[in-house]
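**Student:** Provided below for reference: sequence and predicted model.
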Amino acid sequence: MKNKNVQIPYELFLLLLQYHLMEYRQNEEKIRQGLEKKMNAMAEREIYSRYKTAPTEEEREKYRKEYLDRRGIPEDFRW
């Protein structure tokens, strides 16, 4: 895997700095939620990219369904 950069909100960055450098531990829940939100967004983006670049129609459909499931789109609302 290549080294990649990840952007996070400024507020989350400050909370992480406080947690690690100043040992300010009162915002652990906010940090956890912020990191989970970012991780989910990255996973959804990866699945979407696979859907758009899949070499076969079967793989494209598989990743499309997986992406829509993660996004919580109901079956009867899909194209």
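**Tutor:** On my side now, so go ahead.
**Student:** When you work out contacts or count neighbours from here on, use the C-alpha atoms and nothing else.
**Tutor:** Will do.
**Student:** burial count for residue 44?
**Tutor:** By other C-alpha atoms under 10 Å, 17 other residues sit near residue 44.
**Student:** Not counting sequence-adjacent ones, nearest residue to it?
**Tutor:** Distance criterion C-alpha to C-alpha, 6 or more residues apart in numbering; nearest residue to residue 44, sequence neighbours excluded, is residue 67 at 6.3 Å.
**Student:** Could you do residue 50 as well?
**Tutor:** Spatial nearest neighbour of residue 50, chain neighbours left out: residue 63 (6.5 Å); criterion: C-alpha to C-alpha, 6+ apart.
**Student:** and the one you found, what does it touch?
**Tutor:** Neighbouring residues of residue 63 by C-alpha atoms under 8 Å, 6 or more residues apart in numbering: 47-48, 50-51.
**Student:** Just the pLDDT for the residue sitting furthest away from the middle of the chain.
**Tutor:** Ranked by distance from the centre of the chain (C-alpha atoms, centre = their mean), the top residue is residue 22, with 27.5 Å. Note on residue 22: pLDDT of 92.
**Student:** Off-centre distance for stretch 43-54?
**Tutor:** Mean C-alpha position of stretch 43-54 versus that of the full chain (C-alpha atoms, centre = their mean, to the nearest Å) differs by 12 Å.
**Student:** got it, and stretch 67-79?
**Tutor:** Offset of stretch 67-79 from its chain centre (C-alpha atoms, centre = their mean): 17 Å.
**Student:** Stretch 7-22 now?
**Tutor:** Mean-position distance between stretch 7-22 and its chain equals 18 Å (C-alpha atoms, centre = their mean).
**Student:** in that stretch, what's buried?
**Tutor:** 12, 15-16, 19 (16 or more other C-alpha atoms under 10 Å).
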